[in-house]
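> pasting the structure only:
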DNA sequence: CTGAAAGCGCTTACAG
DNA sequence: CTGAAAGCGCTTACAG
């Protein structure tokens, strides 16, 4: 059986078994006339056009997608917080929509994160570009994408090296600003809970924290430092450890907002009020920060803009531009709400000044 | 200038300006040989294959997408809560991935929700099907989709009629179960905050609430009822109104979790403890319910399964099946956490039994 | 393994 | 406005 051309593809994935010639025959016109209707060209009588259009619709014959507005960008997410993922998606979508491009969403189960199995189905779809919001993007990933000619941008990379262009935010500056805020309020014993020790993002925030202390001449006390996954439970448990110290901190900087909510819980269990007895700072500024009591002071990561920037970057790469930067870091901002206040003159704690 | 065929489209949206014939010339072979390589056919020498593949890669010549695995499903979201939107997306994606289909994400700004402007760009992409998570899907929408031969399924429809097949959850049963839980704890004065009065979902929940009261022989007190948008602020303000009544409720059923968080705030301002002085029940079970203090008792909507069901439904429609049901309602479940407890014997309130 | 020839489906330029 | 003819890009079947 001979089937030349690629006509089948052009008629949509599940409908339309008729060729232009067959539609033409049904309409009692020639193939060129059907072709004109299909492309919205002039030079077709109104009644003819109507008849042909009715037949095209009836048989699910899909108008060809205009060149260049084909498929679109793909965002790959691993098991991350939903409210963050959606903000990133919205940022990507806004940029893509302006270019008439679709945005695809792929959810990678945690077990696959480190591997390559998500790559092939993605490349089969021939996206203009891919934005990976998964940890563990490796040179193997990069090579596969490069071979396929599909640009790849990673978001908030946690690895030690960036095999691909990447977009993140200034964790160091954010942590610095948050720590200075606590120092300005008068805190001197500040606990810090970071994300997992291996993550570069954790390190950047910890370094910003230490830089603020150093600049203020406040010694860094190793005993006030903890690290663990970016989860509520770890914030709660590590927070409880810090509060149980003989000389507990008057404020705690957290690796993210979820950990901060966990510290809220630890404070509650310890019978401490926030911010009166303990100041707490988060990181990320997810939407729920405004709905807890007290509303959480935190460092805002501009997730929507991060997504938009990644989209612009991957589109530039698709246009053949070489990236001027391998890593773009967008600014973070301190959002002061009600979880931070000057430390109480706690008689248990000797004032250091 | 003559440009026959559709070759341009087949070569990917932004790369590949070479035809098969040109690649063939560069490789020093004939077009048929390039064609074979492109389709993974046998009968090409290994060295020839390698040479051609290198050239194809180099010029970004994309392998044609296999018939039937073309584009995919599109999800259209309006400005809803991110953590809910992402759960729906994940459910859709899981079903789509099993069929090798992509999932597109479109974010509709609130101003467009009621209108049709999101339809055309969507249809241009020729999706297999569309899942609309926006309020205000009308017959006008349905007609446009029908004309294009693209099936449309609405999620949690809020309108009075369902112009399209739809998936939701059993709001009536969920509210009934939650109210019975409060009645079983001994509450008799139960306040209720519903979503916007016009929403059918609000009505279903209110009816379930009243059915539980009626069954238990507890009179419904209109003065304990309020309605407003599904937002934190409205929960807070309407909750404050209820708590300021001369004979305030001992428990409040909310239209959703955000309103419940608002009621938490109102209780705090009024100096009431939850659940000791006031029981609170939410609706939705977003991930943050476990992270507030106390963790919120709520009615779980299975958003991920709702998305998956909608995906299966739209795929069945695309396969030409007629839906057996116009509206599928998935089950809700009461999740009892720590925001509900027996009412205190408040001396201000005369015990009704 | 390779490619000349034939063929397919579509579009374009142009004659009527 | 319409379509026969020419042409394009690709693929297939087959000869070598």
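Received the coordinates, thanks. Here the structure is a predicted model, which is why all the values come from computation and not from measurement.

> give me the residue from the stretch 151-300 of chain A nearest DNA strand D.
Among the residues of the stretch 151-300 of chain A, residue A:151 lies nearest to DNA strand D; the distance is 22.6 Å by C-beta to the nearest atom of the strand. (Glycine included, C-beta is placed from N, CA and C.)

> residue A:322 sits in which helix or strand?
Residue A:322 is part of no helix or strand, with elements assigned from DSSP states H and E.

> picking up where we left off before, SS state for the residue nearest to the residue of the stretch 151-300 of chain A closest to DNA strand D when sequence neighbours are not counted?
Among residues not flanking residue A:151 along the chain, residue A:317 sits closest, at 3.5 Å (C-beta to C-beta, 6 or more residues apart in numbering or on different chains). What DSSP: H, G, I helix; E, B strand; the rest coil gives for residue A:317 is helix.

> the residue of the stretch 151-300 of chain A closest to DNA strand D and residue A:129 touch, don't they?
Yes. If you go by C-beta atoms under 8 Å, residue A:151 and residue A:129 touch, sitting 4.5 Å apart.

> what do these two both touch?
Taking C-beta atoms under 8 Å, 6 or more residues apart in numbering or on different chains as the criterion, residue A:151 and residue A:129 both touch A:314, A:317, A:318.

> doesn't the first one fall inside a strand?
To tie it back to what came earlier, the one meant is residue A:314. No. Applying three-state DSSP, one finds residue A:314 to be helix, outside a strand.

> list the contacts of the residue lying closest to it once chain neighbours are set aside.
Counting by C-beta to C-beta, 6+ apart, the nearest residue to residue A:314 once its immediate chain neighbours are dropped is residue A:129, at 3.3 Å. The contact partners of residue A:129, taken as C-beta under 8 Å, 6+ apart, are A:73, A:74, A:150, A:151, A:152, A:153, A:311, A:314, A:315, A:317, A:318.

> which one of the residues you listed is nearest residue B:183?
Closest approach between the contacts of residue A:129 and residue B:183, by C-beta to C-beta: residue A:74, at 49.7 Å.

> quick check: pLDDT value at the closest one.
pLDDT recorded at residue A:74 is 93.

> next, the buried residues of stretch A:286-299.
A:286-289, A:291-299 (16 or more other C-beta atoms under 10 Å in any protein chain shown).

> for stretch A:194-203, same thing?
Buried, per 16+ other C-beta under 10 Å, within stretch A:194-203: A:194, A:195, A:199, A:200, A:201, A:202, A:203.

> kindly report the same for stretch A:179-189.
In terms of neighbour count (16+ other C-beta under 10 Å), stretch A:179-189 has its buried residues at A:179, A:180, A:181, A:182, A:183, A:185, A:186, A:187, A:188, A:189.

> and the residue nearest to the spatial centre of chain A, what element?
Taking C-alpha atoms, centre = their mean, the centroid of chain A lies closest to residue A:88, which sits 4.1 Å from it. Per DSSP H and E: residue A:88 is located in helix A:82-98.

> can you list contacts of that helix?
A:72-73, A:75, A:77, A:102-103, A:105, A:131, A:133, A:155, A:284, A:286-288, A:303-312, A:315, B:81-87, B:89, B:105-107, B:121, B:287.

> among these, name the ones in strands.
Judged by DSSP state E, the subset of the contacts of helix A:82-98 located in strands is A:72-73, A:75, A:77, A:102-103, A:105, A:131, A:133, A:155, A:284, B:105-107.

> closest one of those to residue B:341?
The closest of the ones in strands among the contacts of helix A:82-98 to residue B:341 turns out to be residue A:284 (C-beta to C-beta; 32.6 Å).

> burial count for the closest one?
Neighbour count for residue A:284, taken as other C-beta atoms under 10 Å in any protein chain shown: 26.

> so it makes contact with residue A:298?
Yes. Between residue A:284 and residue A:298 there is a contact under C-beta under 8 Å: 6.6 Å.

> show me where the stretch 151-300 of chain A has its strands.
For the stretch 151-300 of chain A, applying DSSP state E, counting those that start in this stretch gives strands covering A:152-155, A:166-169, A:190-194, A:225-227, A:251-253, A:279-284, A:297-300.

> of the ones you listed, which stretch is the most buried?
When these are scored by mean count of other C-beta atoms under 10 Å in any protein chain shown, the highest mean neighbour count falls to strand A:251-253 (a mean of 31).

> circling back to that earlier point, tell me the contacts of the residue nearest to residue A:151?
Residue A:317 makes contact with A:129, A:151, A:153, A:165, A:323, according to C-beta under 8 Å, 6+ apart.

> I appreciate the help and will end here.
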